[in-house]
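Undergrad: Please find the sequence and the predicted model below.
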Amino acid sequence: MSSPTILNISTYKFVELTQEQITEWRPVWKAECIARELRGTILLSPEGINVFLAGTPDQVNSFWAYLTAIEQFADMEYKPSYSHTVPFKRMKVKLKKEIIPMGHNINPTLFTAPRVKPQELKQWLDNNNDVIMLDTRNLYEVEFGTFDKALTFDIKHFRTFPEYVAKLDPALKNKTIVTFCTGGIRCEKAGAYMIEQGFNNVYQLDGGILKYFEDTNGAHYNGGCFVFDDRVSLDPALQPDMDEVSI
């Protein structure tokens, strides 16, 4: 089978934006993406942006150059993966109140949990360090795969995350906890919230599961990682581990 030629990227940034900015950018960004024949979803909100795009490398990188020429996004990086088909049906740019709603007022531009790099986390797990891996994703996503012995919640929507934190054993407040999710965005709020609630040694996995796959090939992880497009789930080689949906 030939090598995949479609570049898929995901990225986000928490940054304070005005309603005027995001309202102005929405039609312009959509037109820029359509002109490059890209498909995917961009969320714009006063707390930042969340980006999922797919196309040829030239198409994607052309828009990336356009996006990062904007001062607020100049330092952004994306997580890449490749597929044989474009896993999105259309190009959407949406305005949202939050790029990831949690139901609690957390501003990651002001405070968030410290990050642990994938290779460092792998070393901790190789050494059997006393680390609690906390999955912040919805239960549906967890069923595709998660870290060995991870603590999971019966979450159906991230808004209920604080409810489950309230049920945790208070003894965990003095344990080393590493929160993780697909690409890192939910942990920006989850880790900060847990610290706010008195958990003393909380980290977030930098770049999420997808970056961990990229850097470690999925050591100490069982199964795949659910993704929000037609590929459904990626294996540790960042390849679809289910049949890609033809569109």
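TA: Here it is on my side, so go on.

Undergrad: only C-alpha atoms for contact and neighbour calcs from this point on.
TA: Noted.

Undergrad: what residue is smack in the middle of this structure?
TA: A centroid search over the chain (C-alpha atoms, centre = their mean) returns Gly183, at 2.2 Å, as the residue closest to the centre.

Undergrad: In this structure that one contacts Gln204, no?
TA: No: assessed by C-alpha atoms under 8 Å, Gly183 is found out of contact with Gln204, at 10.8 Å.

Undergrad: sorry, back to before: quick one: the residue nearest to the centre of the chain is in a helix?
TA: No: per DSSP: H, G, I helix; E, B strand; the rest coil, Gly183 lies outside any helix segment and is coil.

Undergrad: Now it: closest residue in space, sequence neighbours ignored.
TA: Gly208 (4.1 Å; C-alpha to C-alpha, 6 or more residues apart in numbering).

Undergrad: And for the one you found, the neighbour number?
TA: 21 (other C-alpha atoms under 10 Å).

Undergrad: Return the distance of it relative to Arg159.
TA: Distance, Gly208 to Arg159, using C-alpha to C-alpha, to the nearest Å: 19 Å.

Undergrad: contacting residues for the residue nearest to Gly183?
TA: By C-alpha atoms under 8 Å, 6 or more residues apart in numbering, the contact set of Gly208 is Phe180, Cys181, Thr182, Gly183, Gly184, Ile185.

Undergrad: mind redoing it with 10 Å?
TA: Lys79, Lys117, Pro118, Thr179, Phe180, Cys181, Thr182, Gly183, Gly184, Ile185, Arg186, Cys187 (C-alpha atoms under 10 Å, 6 or more residues apart in numbering).

Undergrad: next one: Val131
TA: By C-alpha under 10 Å, 6+ apart, the neighbours of Val131 are Leu121, Trp124, Leu125, Ala150, Lys175, Thr176, Ile177, Val178, Val202.

Undergrad: Turn those residues into TSV, including pLDDT, neighbour count and distance to Thr109.
TA: Converted to TSV, the contacts of Val131 look like this (pLDDT from 0 to 100; neighbours: other C-alpha atoms under 10 Å; distance: C-alpha to C-alpha, whole Å):
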residue	pLDDT	neighbour count	distance to Thr109
Leu121	98	19	24
Trp124	98	13	28
Leu125	98	16	29
Ala150	98	17	28
Lys175	97	15	25
Thr176	98	16	23
Ile177	98	22	21
Val178	98	23	20
Val202	98	27	17
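
Undergrad: Nearest to Pro240 among those residues?
TA: When these are compared for distance to Pro240 (C-alpha to C-alpha), Ala150 comes out closest, at 22.8 Å.

Undergrad: Beta-bridge partners for the spatially closest residue to that closest one that is not a sequence neighbour, please?
TA: In space, and not counting its chain neighbours, Ala150 is closest to Met133: 4.8 Å by C-alpha to C-alpha, 6+ apart. Here Met133 sits in beta bridges with Val178, as judged by DSSP bridges.

Undergrad: Met133 contacts Gly191, correct?
TA: No: the criterion here is C-alpha atoms under 10 Å, and Met133 misses it with Gly191 at 12.0 Å.
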